[in-house]
Structures are given as C-alpha cells and as structure tokens.
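A.B. asks: no sequence for this one, just the structure:
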C-alpha cells in the first residue's frame with residue numbers, strides 16, 4: 001500500500017516538474033509575465049523599448065479593466081510606431097522590430113473599442129467617435145504596410161497582418177450596431193439602415209480578406225472544415241517559428257508567447273469565428289433580413305416590427321466575432 005502511494009506521489013512530482021519545464025521552454029508564463037518582457041531585450045534600440053513601454057501599459061491597463069486608458073496607450077504606441085515606419089531611412093531590421101507593435105496595437109484597439117463601449121452609459125456621439133477612431137487607426141497601419149511593400153520593396157506576408165482585417169470587421173459590426181440602436185434611442189435616423197448595412201457588407205469583405213491570407217476563398221461557397229484546418233496549418237508551418245516576425249506579431253496581439261497556444265488562437269479565429277460569420281451572412285434568413293433593411297430610409301419604416309430582426313442579426317455577428 002505504502003509503495004503504491006509513494007509511486008503515485010512520485011508521478012505527481014514528475015508531472016509537476018514536466019509542466020514547469022514546459023512553461024520555461026515556451027518562454028513565457030502568461031499569468032505572471034507580459035509578452036513584451038520576453039520579446040524586448042536591453043540591446044534593442046531605445047525607440048523599440050519606447051513603443052514596447054507604451055504597449056505594455058496598454059496590456060496592463062486592459063487586464064485591469066481600465067479600458068479607456070488602455071486605448072490611449074495603444075494609440076500612443078501605434079502613433080509612434082507609424083511615425084518610425086514612415087521614415088524611409090529605417091532599414092529592414094528596424095521595420096521588423098517596429099511593425100509587430102503597430103499591427104498589435106491597432107488590433108487591440110479595434111477589439112477593445114467595442115468592449116469599452118458595450119454596457120457603458122457613454123453618450124452616443126462619443127461611442128461613434130471611438131468606433132471611427134479605431135477604424136482610422138487600422139486603415140493607417142494598413143496604408144503604412146502598403147507603402148513599405150510598394151515603395152521599399154519589402155515583402156510583408158498577409159498572414160502577419162490578418163489580425164487587422166479581423167479587428168476592423170469586428171469594430172465595424174459594433175459601429176453598425178450602435179448606429180441602429182442609436183436611431184431607436186434618439187427617435188430619428190442617424191444614419192440610414194441601408195447605409196448601415198453597407199458597413200456590414202464591408203465587415204464581411206474584411207473577413208474574406210483575412211481568410212485569403214490562408215488561401216481560403218469563400219467567394220465560391222462554403223469551404224470544408226478539413227480544408228480550412230489544412231490551409232491554416234500550411235500557412236503557419238513555415239512562418240510561425242520561434243522569434244519569427246509572425247511569432248512576435250501574434251504574441252503581442254494575443255498576449256501569448258507559446259507557439260501551440262498561438263496556433264490554437266489563429267485556428268479559432270478562422271474556424272470558430274470568421275467561418276461562422278460568413279455562414280451567418282450567407283444564410284437565407286439573414287440575406288432576407290438585411291435586404292429588408294436596405295430599403296429603410298425613413299424613421300417611420302425604421303420603427304416597424306421587422307427592424308428588431310435586423311438589430312438581432314447585428315447582435316449575432318458581434319457575438320460570433322467576440
């Protein structure tokens with residue numbers, strides 16, 4: 001009996017040691033260490049340590065629930081990163097150090113904006129300004145990426161910046177939802193439902209753009225789960241390696257350094273969120289509901305019972321992408 005108990009205790013100790021070694025080998029225990037502490041070293045240029053400091057503040061504030069202050073820190077990080085990236089004297093090494101922060105800060109801002117607004121008692125004009133500001137930030141980072149690719153002949157993989165399309169889609173869904181609810185609240189049409197549903201179309205297009213990074217094309221109809229999983233694996237196999245630019249970018253975006261954890265998050269984005277959002281968009285009832293909304297231009301039409309179905313669809317998109 002004693003031998004059996006001793007053997008069980010030894011197994012528990014060995015399992016605990018194995019778990020500890022696994023955490024050390026992954027480079028990060030995310031419960032106690034910020035990703036920036038692992039990525040940034042004392043030998044990095046001062047400008048990298050500066051933007052890393054802004055980003056770390058944003059992550060810490062977000063974790064503590066100080067969302068508006070977190071948004072301010074992400075904006076500061078993004079602004080400084082884009083200023084550095086716009087300098088054509090910066091070489092490839094500098095771009096590879098700074099670009100992950102620009103992408104990650106814009107991504108977190110796009111995701112956090114709706115979370116900040118959701119359930120708040122913020123005035124409508126401020127909500128709309130925040131959604132617009134997040135959208136502008138993401139647009140600006142995509143423009144910087146375009147300029148680096150075309151003007152400086154640096155190849156940037158779409159896999160690295162797919163999170164920007166994901167965040168812009170989510171932010172636009174939230175923006176459209178706020179506009180529709182705002183019209184009911186204010187008792188006048190703030191932005192016509194027809195135009196608001198165009199924002200939904202743009203969100204769907206962003207999801208399609210994000211999926212093209214993994215060579216997944218939904219324009220011809222539904223795609224099998226096996227095909228999606230295989231393509232995500234193929235796209236990440238060579239790019240998502242230790243300390244690669246994609247690894248650093250995703251580690252910052254998702255605050256997770258372990259490659260297996262990052263793989264699972266990307267797979268969840270593609271399979272559980274973006275795929276389901278496209279399936280909802282292609283559903284016959286959704287198409288019928290949104291088409292009904294495209295014909296609403298007056299407050300009288302907006303207040304008819306069918307409008308609640310349109311708002312419900314918006315809510316479903318948000319819930320899927322959350």
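C.D. replies: Happy to help now that I have it. The structure presented is a predicted model; accordingly, all values stated were derived computationally and were not measured. Numbers count the residues shown, from 1 in each chain.
A.B. asks: for the stretch 101-250 of the chain, give me the ranges with low pLDDT.
C.D. replies: Judged against pLDDT under 70, the low-scoring parts of the stretch 101-250 of the chain cover residues 220-222.
A.B. asks: for residue 90, give me phi and psi.
C.D. replies: Note on residue 90: its backbone torsions stand at phi -70, psi 130 [degrees, to the nearest 10].
A.B. asks: verify the stated contact: it with residue 84.
C.D. replies: Yes: the pair residue 90 / residue 84 is scored as a contact, 6.3 Å apart, by Cβ atoms under 8 Å. The way it works is simple: take the backbone N, C-alpha and C, and place the C-beta from them, glycine included.
A.B. asks: need the overlap of contacts for the two.
C.D. replies: residue 98 (Cβ atoms under 8 Å, 6 or more residues apart in numbering).
A.B. asks: which one's more surrounded, those two?
C.D. replies: In this comparison of residue 90 against residue 84, neighbours counted by other Cβ atoms under 10 Å, the higher total goes to residue 84 at 22 against 16.
A.B. asks: for that one, which non-adjacent residue is spatially closest?
C.D. replies: Residue nearest to residue 84 in three dimensions, not counting chain neighbours: residue 98, with 5.1 Å by Cβ to Cβ, 6 or more residues apart in numbering.
A.B. asks: what's the burial count for that neighbour?
C.D. replies: Using other Cβ under 10 Å, residue 98 has 24 other residues around it.
A.B. asks: and it, what element?
C.D. replies: Secondary structure from DSSP states H and E places residue 98 in helix 92-117.
A.B. asks: what comes up buried for that helix?
C.D. replies: Residues of helix 92-117 classed as buried by neighbour count (16 or more other Cβ atoms under 10 Å): 94-95, 97-117.
A.B. asks: same question, stretch 63-83
C.D. replies: Those would be 66-67, 70-82, for stretch 63-83 by 16+ other Cβ under 10 Å.
A.B. asks: then stretch 204-216?
C.D. replies: When neighbours are counted by 16+ other Cβ under 10 Å, the buried residues of stretch 204-216 are found to be 204, 206-211, 213-214, 216.
A.B. asks: ok, and what's touching stretch 296-316?
C.D. replies: Where contact means Cβ under 8 Å, 6+ apart, the residues beyond stretch 296-316 that reach it are 173, 176-177, 180-181, 183-184, 187-189, 192-194, 197, 200, 280, 286, 289-290, 292-293, 295.
A.B. asks: again, 6 Å this time
C.D. replies: Stretch 296-316 is contacted by residues 176-177, 180, 183, 188-189, 192-193, 280, 286, 289, 292-293 when judged by Cβ atoms under 6 Å, 6 or more residues apart in numbering.
A.B. asks: farthest pair within those residues?
C.D. replies: Pairwise distances among the contacts of stretch 296-316 were taken by Cβ to Cβ; the largest, 29.2 Å, belongs to 188 and 280.
A.B. asks: looking at the two, which one has more neighbours?
C.D. replies: Applying other Cβ under 10 Å to residue 188 and residue 280 shows that residue 280 carries more neighbours, namely 16 against 10.
A.B. asks: how near is that one to residue 248?
C.D. replies: Noted for residue 280: a distance of 33 Å to residue 248, by Cβ to Cβ, to the nearest Å.
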